[in-house]
Structure formats: C-alpha cells, structure tokens
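1. need a structure here:
(2 chains)
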Number of protein chains: 2
Amino acid sequence: MVTPIDPTSSAFLLVENRSMPMHVGGLQLFEKPEGAGPDYVRTMYEEMRDVSDVSPLFLKHPHRSVKTGGQLVWQPDELFDAEHHVRHSALPQPGRYRELFELCSRLHSTRLAWERPLWESHVIEGLSDDRIAMYTKVHHSLVDGVSAMRLLQSVLSTDPDERDMSAFWAAEARPRRKKDKKEGATGGAQSLPEVPLAVLKNTMGTAMSIAADAAGMPGAFVRTLARGARNEASSVSFHAPRTIFNQTITGSRRFAADEWELERLQAIGKATGTTVNDVVLAMTAGAIRQYLLELGALPDDPLVAMVPVGLNAKQSHVASAEGGNAVGSVMVPLATDLEDPLDRLDRIHVAMTDGKEALSTMTPAQILAMTAIGQLPAIVPPLLNMHGIVRPAYNLIISNVPGPRTTHYWNGAKLVGTYPLSIPINGMALNITCTSYDGRIGFGLTGCRRTVPRLQRLLTFLDEEVIALEKGAGVL
Amino acid sequence: MVTPIDPTSSAFLLVENRSMPMHVGGLQLFEKPEGAGPDYVRTMYEEMRDVSDVSPLFLKHPHRSVKTGGQLVWQPDELFDAEHHVRHSALPQPGRYRELFELCSRLHSTRLAWERPLWESHVIEGLSDDRIAMYTKVHHSLVDGVSAMRLLQSVLSTDPDERDMSAFWAAEARPRRKKDKKEGATGGAQSLPEVPLAVLKNTMGTAMSIAADAAGMPGAFVRTLARGARNEASSVSFHAPRTIFNQTITGSRRFAADEWELERLQAIGKATGTTVNDVVLAMTAGAIRQYLLELGALPDDPLVAMVPVGLNAKQSHVASAEGGNAVGSVMVPLATDLEDPLDRLDRIHVAMTDGKEALSTMTPAQILAMTAIGQLPAIVPPLLNMHGIVRPAYNLIISNVPGPRTTHYWNGAKLVGTYPLSIPINGMALNITCTSYDGRIGFGLTGCRRTVPRLQRLLTFLDEEVIALEKGAGVL
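-> Now for the predicted structure:
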C-alpha cells in the first residue's frame, strides 16, 4: 500500500545529498552473558536477521514516479532482503575502540538507498574486551534522534534472565517499560534538558517552509530578525564568531565517543551551585577551546552553542505529540575567551538560566520562529547571506537524549554503553550529543572528517576538563 | 595544477549514479611468508598507508565549478588523507570465503566521492585459512579493467625474497616486469582473447557520442542497424532473448569468485578440438542455464554473450595506445537451449570461429560501430526503444583479463589468487570476468544484488559444468 510522506520527512529526503546523508545512528555496547559460547555473536546476528515479521516502519521505502505525480510516497519493499539490512561485521586487530570508531565512521558516511527501507543494523565482533558492539543507522525521515534511542531501548529489559526478545525492527517488538516506567527516558531534575533531537526535526521542517517563503519574506519577519541580531547580550540572540566548524562539509564522517560517571558531574554541580547540564556544557566548552587552541583556530569571540531544551506544557502553552513537551532552544555563549574552567562554568550557568527564563516569557510561536531562524543558515546559507544580516547563528549543537537509568539487557546480554551518532550539516560540521544511561553520561561526537580534523582529540580534552573542573570546585 | 578530463573519462563520471557506480575492483589473496608474526597484517596495512609520495593519478579528483566554466577538470587533493583511502578491515567468524565475498559486495556497492581521489584499498584480515585479502576499487575514469589488473600486478615480483616493495599508488612504484617479460599479461595461444575490459571504455565513450547524435540519427546508420537486426544467423547480430539480467539495476552488489586449474580446461579443449576460451564460455553457458532453470526463468531462445576479443594490428588496420591491439567483440549464442554440455561447447566453438572470421573481414570503423551499437541499449534504452528496432543486444558480458603465468610475491607474501570485480549497468545486471594466474583461471561474478538473486549459486554450477564437460570429453 502506498502512503503519502509528510512534509517534514520529505524535506529530510530532499535536502539529503552525498555530502550530507540524513540518518541518525546509535552505537550500543553489550557484555556477553555468563557461559556464552564461541558462536554467541553469530547466533545473535542470525536471530536478529531472521526476524519473521518486520514492522511496517522498517519495510517501507520512498518512491517517486510519473504515477505518483512526481510526489514522494512510501511504498512497501516487496523484495525485502534481511541480509541487506542486518549485517555481521568485525574489527581488525588489536580490536581497540579506535578500530570500532573507525568502522562506525565509515558506516555512518554512506547514504541509505531509496530502493530499500532506510535502515541498517550491524552486529560487530572483534573488540579486545570481548564486548559486542551494535551500530544502527536509521533515516531521519523515519525517526528523529530521540525516537531512535527510544526504539533501540524499547526492546531491552531490566531482567537479565528474559529471553526470546526481538530486534527493534520486528513487528512484534513492543516497548518493555512496565517495570521501570519511573526510570524511563522522561527525565527529571538530574537529566539534561529533554527532547533534544526532536527539535531538529520540527525546526528543520519549519525552516524549510520558511526558506520556501523567504523570497517574499514579509517585512515584520525581517524586522524580528534584525532585532534579534542587535540584541547581542541576550542568550537568545544569533551571534557567533566564524570557526572551522562553520563551513561546507564533505560526505565522510569521523565518530568518537566516551563516557563519564554522572556522580562526578553531580559533585562539581553541587560544589558550584550549577546543574549537571551546565557542567556538561562547561566540559564541552573547555574541550572545544583546547581543541581550537591546538589547531591555532580559536576565535577571539566566544563560541555559541545551540542547546535544545524541553519546556513543560504550561510554559509552552502547547502540547506536542510526544505528550506535553514542546521544544525550544537556548543560545549559550561557551565562554571560550576565558581561561579559567570555573569562570566558564559560571558564565554558562548564567546564560542557561537567562535563556530558560527568556524562553518562558516568549509565546510558542516566537519560540518556534526563533529556533527555526537558528536552523536556517545551515539549510539556506545563500539566501541569508543575500540579506546580509546574519553571521553563523551558532557554532555547534550540543544536545542530550536521556536514556534509562538502570541496567538493561537484551536476551541476557548486558547493555554497558550507548552513544548517539548525529548529522553534521553544511555550516555545522560538528555535532555533540550526549546520552545518559545507568549512572554514566556518554558523549557521541560526529563530525565531517575533512572539516573537523583529529576529532578524537576532543575526548582527551573532555576528560582533562572534568578533572580541571573537579580541581577548581575542590571535589577531587 | 588543474588538468582537463578527457571525454571518455568524463562520460564515466557523468553516467554514474547511485544505482550504477562506475568503479572496477580487484580482490587479491596473499599467503603470509614463513615466520610472519601476529602483527604481520597490521604492519602490512601501515606500510601501505604510510606511502610518502603518492602518484599523481591517485592524488587527483574531479572538480566542476563556475570557475571551470562548468567543465569537469582534474584537481590535486590538497588535503590528501591516506587513512581514507587505505583501510584495514576484518571478517567476522568463521572467516569463510562467504564472509569475504559479502564484505567485498558491500565495499563494491558504495560510490567514490568526487571530493577525494577516486580509489580505496582495503587490507582484510580474519580469513580462517590465515590468508590476507586485499580489495581495491578504482574509478573507471582513472583506469579500465585491464589497466587496473596490470596496476595491481605491476608492484609484484617473482622473487619471494624481495622487500621494500611499494603499494601501487606510490609515485615510486614502477612495473617490475624485467625478469618475466615473456610471462607478462600479453597473452598467447592458451590465453583468452585479450584486452577485454578496455573495450568497455572505448565503446562506451563511442556509444555516448552516438547517443548524443541519435536524435538526428542519419538514415544510413539506421539501415545498418536494421540489417544487423535481420541477420539472425550471424554471430555479429544483435539478437538476444529477454532475461532477468536485462533489467534496470539497483545500487547494491553481490560478488562471488572461484578458480579452476587451467590444465583441466586445456584437457577438455584438447579432447574436443576447442580452445580454452571456448571451454570457459561453455562452462559459463552451462552454469547460466542451470541457474535460470532453477529460477524458472530460462528463455526458449539461447542467451547471447558479448565477448570482447583482441585483434592484432594487421587484422584491425589500427594500432591502439596499448601497443598494437585494437578490440572488437563477438556475439556468442550460449546454446542454453541445448541439454548436452558437449553440444553447447560445439555450438560455441563454431560461433567463436565464425565471429572472429567475420571480424577479420570488417573495417575498423565497422567493428567500432558494431561494438558501440551493442553497448547502446545499456546506456540509452529509452532512445532505442523509441526506434523499436533492437531487443537486448546481448544478455551478459563475459571477458577475460590475462594475468601473470608464474607465482608472484609482494614483500614476501605469495599471491595465491586474483579476481576481478566489474561494473553491472542498467540492462546488464551480471558481469563475468576471468583472470588467469599461475596455472589457474579465476572467475569473478559481479551482479546487482536485487536483480540477480543467489548469484553465488553460479559458482556451484560452474564447478558442475567443468565436471560434466570432463565426463563428456572422456578426460575424467
């Protein structure tokens, strides 16, 4: 059965090109259960591959022809080929995380073909610590980052003895959230702002429609833009220096990831009167500063990050389909002009507080418009340059996808880590996305391989920054 | 320095799309030298990656902009990234050839990005027999299949003790043919017809220019086409039944390969008064017949193969850049309507003899025109359907790239097998290319993964057909 594709999903399909594949990814690490034999990984792969009934979401592919009047439609894949989508891969010796990230980088660089359903899942063996890795990519027209992480987690269980669990693409797969509803992905005081990647989907869709109208852009809208541009002190303004991140990108990716104990970040927050969110942003700010210093590419003006934040229904006056949350974003100056880590943390804390307050006074339409404008330069740079108003709206996106807080299992295999891979776009060559899971916070860095050289150095700098913050806060 | 791209190379760049990547590939198998340590493969990979001086051919990438007047030009890659081009990969357990072919299929399916030089080489570990595999892909705009195989072999040596040998992309790499000039790739009585893939490059270029002119196709040309179409008995005619191979293709590939002792084929040839070439074609004919029977898709009319043949300078009245050989092609009915393997071999032998004789009476222009016409349906099917003259000109291409006849080594690692991966195109979903090396003949089968299901079954049928021919010829 042919079904129409909604405008936002169509936009993700149509803006995609070889330099800018539009899929989100996830890397999960599992520990084998006790007594796993030498064929454990192969059996795991085969069980996943041989799912008898695939969910319609993972069976449809985009199609456009004279018969559809040139419109994009979803069409079921009549020749579904499980081996094409579920793959078994391996790492070369010595099987370090370096080799794993290199493989994920390659897999994340290739586009999904429209002729087939828009997803792939790789069961990866060969890690020297005997863990199993699973890399999954799903096109952004099917799911956003939050839904993708939820999907990956929906088939997990808190019960290590549960078996006969399905892969996430199986029609019979159902969220197993009964037992740990309170521990689910719906956040709380400790978690970072919620529903981060969903904002991309919403705002990019909006940005597209704005872009389409921009040739006849009404005067009031331009006035709003200009007001925003003048309002430099505000954390909702659109000022950021030019950096190496804000260039045209190429199609190849570099991915790196690591994780830190949430306890350490909480201790820093407690000692300094800031939140875990603020500490995450300060870690990133310090790491980016060090990275750019090393490359001799640190601008005088502080970099600005776009940080998606969730708003509760009361604040936003609007309920989203996700159930009561709407999404806004705060522009946070990362204080990369300051040398002291605690000064940076302080500046970020103030900006986040101001930003959230500012958001709470705006109408939903204003929030959406602002966020959409923030996305515009990435999608229609020539259009905006034409107006001559806007420098890069921000330098990078830092977002967070909250994950389960307790240990989860898949058919007895313990999930020990989960890291998101996101989408660099033209003008925004680096994306940093975090996921919390089981007392730890994982950072996934996805960059254009050419524009963001030696991206893996950021992991070292992130680690150094946690220690510097601990020392500064007196908790080490 | 920017240099222009010749029209044929441009054509290969411009006809390429996601369903039809235009790179040739090679799979080589090496045995480790005595006493190789556990780090042998990694060291081999690192030595290849760390080539200090890359040859200009492997440093340039295509570029087109307003500055070049919209013309495609070659431009050196100022940010050459060796790790992007030279890669280390591994096979999952149990490391059978099945896993190797699966990996090669995936690697052969992805397009090379124009932003970088158009090649990749993968050093692959994890084969259960402890061999090392190397998969290389190079865009057809840089080399044709013959040149690619020569290139791969140019850095090998007959001396197992030679060391400090370079990778083929190194500027200092030079053909090491002094010692074995007579044993080189220039064929002889036992080899299959020469210069097979080069024909694709020449004729596709010609076909492109013909296609461009086709809207105003002159009457004489159409008459020639029509005469050819009526001349059904001739082995230079353009009649072939419709088969599953002659469809629009998708972007994913399936590759499989195997090899047989040349001695066995020679024995069949000797006992039946046919050539090794004829036996290779008969093997393929029998295997294709069995494959299509199993799928319930064998047409009543015999399939027709396009077999490129080399002509000596005297025959062709024209010297090619390769040094005295020009290329023609013979259309060979594969006698898939006959049940007996020896009857098929006999029919093929007659067709090849007739075809070569017919070629010898044609002028070079006629040969080129005929071969170009044979290629047309693959490239401009709608155009030709419009004229209503031509069914598929042939059903598949079977060609051969002669390789070295003696054992060769790379830094002490013994080359034990070499197999070509070729280019399926729209209307021609299966390509069979053979390479002879060191007393064996290797078959490389490259097909569209969707259009040619269970391609690996052809290997079984090829093997059964050798045995059937041996039994029929009384040499088993």
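
2. separation between A:D301 and B:D159?
-> 62 Å (C-beta to C-beta, to the nearest Å). In short, each C-beta sits where N, CA and C put it, glycine included.

3. and chain A, which residues reach chain B?
-> Contact residues (C-beta under 8 Å from any C-beta of the partner chain) of chain A with chain B: A:18-19, A:38-39, A:41-42, A:45, A:79, A:81, A:84, A:87-94, A:99, A:106, A:110-111, A:113, A:115-116, A:125-126, A:250-252, A:449-450.

4. just the buried members of the residues you listed?
-> A:19, A:41-42, A:45, A:84, A:87-93, A:99, A:106, A:110-111, A:113, A:115-116, A:125-126, A:250-252, A:449-450 (16 or more other C-beta atoms under 10 Å in any protein chain shown).

5. Among the residues you listed, which ones are in helices?
-> A:V41, A:R42, A:Y45, A:H84, A:E99, A:R106 (DSSP state H).

6. ok, now which ones touch the third one?
-> It refers to A:Y45. A:V86, A:H88, A:V123, B:P92 (C-beta atoms under 8 Å, 6 or more residues apart in numbering or on different chains).

7. ok, the last one touching A:P92?
-> If I follow you right, that is B:P92. No: using C-beta atoms under 8 Å as the test, B:P92 is too far from A:P92 to be in contact (11.5 Å).

8. what sits in contact with each of those two?
-> Contact criterion C-beta under 8 Å, 6+ apart; residues shared by B:P92 and A:P92: A:G126, B:G126.

9. Can you give the distance of stretch A:73-92 from its chain's centre?
-> 23 Å (C-alpha atoms, centre = their mean, to the nearest Å).

10. again but with stretch A:162-175, I slipped
-> Put simply, stretch A:162-175 sits 24 Å off its chain's centre (C-alpha atoms, centre = their mean).

11. who's in contact with A:A257?
-> Neighbours of A:A257 in contact, by C-beta under 8 Å, 6+ apart: A:L27, A:F101, A:Y419, A:G442, A:F443, A:G444, A:L445, A:L459.

12. one more time with 7 Å
-> Contact analysis of A:A257 by C-beta atoms under 7 Å, 6 or more residues apart in numbering or on different chains lists A:L27, A:F101, A:Y419, A:G442, A:F443, A:G444, A:L445.

13. Is it located within a strand, as I assumed?
-> Yes: the assignment for A:A257 is a strand, going by DSSP: H, G, I helix; E, B strand; the rest coil.

14. So for it, what's the pLDDT?
-> The model reports A:A257 with a pLDDT of 97.

15. One more: the one 5 residues further on?
-> At A:L262, the model reports a pLDDT of 96.

16. And it, how far from chain B?
-> Distance check for A:L262 against chain B: by C-beta to the nearest C-beta, to the nearest Å, it reads 34 Å.

17. So that residue is in contact with A:R440, correct?
-> Yes: with contacts counted by C-beta atoms under 7 Å, A:L262 reaches A:R440, the gap being 6.1 Å.

18. Kindly report the domain assignment for chain A.
-> Using automatic domain parsing, the domain ranges for chain A come out as A:3-185, A:197-473.

19. lowest-confidence stretch among those domains?
-> Among the domains of chain A, domain A:197-473 scores lowest, at a mean of 76.

20. doesn't A:R344 fall inside a helix?
-> Yes: the assignment for A:R344 (three-state DSSP) places it in a helix.

21. thought it was touching A:V332?
-> No: between A:R344 and A:V332 there is no contact under C-beta under 7 Å: 10.9 Å.

22. and whichever residue of the stretch 151-300 of chain A sits closest to chain B, backbone torsions?
-> With C-beta to the nearest C-beta, the shortest gap between the stretch 151-300 of chain A and chain B falls at A:T250, namely 4.6 Å. When read as degrees, to the nearest 10, the backbone of A:T250 gives phi -110, psi 180.

23. now A:V350
-> The phi/psi pair for A:V350 (degrees, to the nearest 10) is phi -60, psi -40.

24. B:K67 versus that one, what's the distance?
-> Counting by C-beta to C-beta, the gap from A:V350 to B:K67 is 47 Å.

25. So the two - more neighbours on which side?
-> A direct count of neighbours by other C-beta atoms under 10 Å in any protein chain shown for A:V350 and B:K67 places A:V350 higher, at 16 against 10.

26. Could you dump the contacts of A:Y45 into TSV with distance to B:G474 added?
-> Listed next are these as TSV, based on distance: C-beta to C-beta, whole Å:
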residue	distance to B:G474
A:V86	48
A:H88	45
A:V123	50
B:P92	44
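
27. Could you report the neighbour count for A:R131?
-> Residues near A:R131, counting by other C-beta under 10 Å: 21.

28. can you check A:L281 too?
-> 27.

29. got it, and A:T336?
-> 25.

30. same thing with A:R253?
-> Using other C-beta under 10 Å as the criterion, A:R253 is surrounded by 26 other residues.

31. do the same with the one 3 residues further on
-> Counted with other C-beta under 10 Å, residues neighbouring A:A256 total 25.

32. Excluding chain neighbours, what is closest to it?
-> Using C-beta to C-beta, 6 or more residues apart in numbering or on different chains and skipping residues adjacent in sequence, the residue nearest A:A256 is A:Q456, 4.2 Å away.

33. gap between that neighbour and A:T68?
-> Counting by C-beta to C-beta, the gap from A:Q456 to A:T68 is 44 Å.

34. More neighbours: these two, which one.
-> A:Q456 (18 against 13).

35. what about A:P76, distance to A:A167?
-> Applying C-beta to C-beta to A:P76 and A:A167 gives a distance of 19 Å.

36. So between these two, which is more surrounded?
-> A:A167 (22 against 15).

37. you'd agree the more buried one is up against A:V51?
-> Yes: when contacts are counted by C-beta under 7 Å, A:A167 is listed as touching A:V51 (5.5 Å).

38. Can you work out which residues contact both of those two?
-> Joint contacts of A:A167 and A:V51 (C-beta under 7 Å, 6+ apart) do not exist.

39. Sketch out the strands for the stretch 151-300 of chain A, chain order is fine.
-> A:253-261 (DSSP state E, counting those that start in this stretch).

40. in it, which spans are helices?
-> A:198-213, A:219-230, A:262-272, A:276-294 (DSSP state H, counting those that start in this stretch).

41. what's near enough to touch the residue of the stretch 301-450 of chain A found nearest chain B?
-> Nearest residue of the stretch 301-450 of chain A to chain B, counting by C-beta to the nearest C-beta: A:R450, 6.3 Å away. Counting by C-beta under 7 Å, 6+ apart, A:R450 touches A:T250, A:S252, B:L79.

42. mind saving the C-alpha coords of stretch A:21-37 as PDB?
-> In PDB, the C-alpha atoms belonging to stretch A:21-37 read as follows (Å, rounded to 0.1, in the frame of the first residue of the first chain):
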ATOM      1  CA  PRO A  21      23.400  12.000   4.500                       C
ATOM      2  CA  MET A  22      20.400  12.500   6.700                       C
ATOM      3  CA  HIS A  23      20.500   9.400   9.000                       C
ATOM      4  CA  VAL A  24      20.900   9.300  12.800                       C
ATOM      5  CA  GLY A  25      22.900   6.500  14.300                       C
ATOM      6  CA  GLY A  26      23.300   4.700  17.600                       C
ATOM      7  CA  LEU A  27      26.200   2.600  18.900                       C
ATOM      8  CA  GLN A  28      25.500   0.200  21.700                       C
ATOM      9  CA  LEU A  29      27.900  -2.000  23.600                       C
ATOM     10  CA  PHE A  30      26.900  -5.300  25.200                       C
ATOM     11  CA  GLU A  31      28.600  -7.700  27.500                       C
ATOM     12  CA  LYS A  32      28.100 -11.400  26.700                       C
ATOM     13  CA  PRO A  33      26.100 -13.300  29.300                       C
ATOM     14  CA  GLU A  34      27.900 -15.900  31.500                       C
ATOM     15  CA  GLY A  35      28.700 -19.100  29.700                       C
ATOM     16  CA  ALA A  36      28.400 -17.600  26.200                       C
ATOM     17  CA  GLY A  37      29.900 -20.000  23.700                       C
END
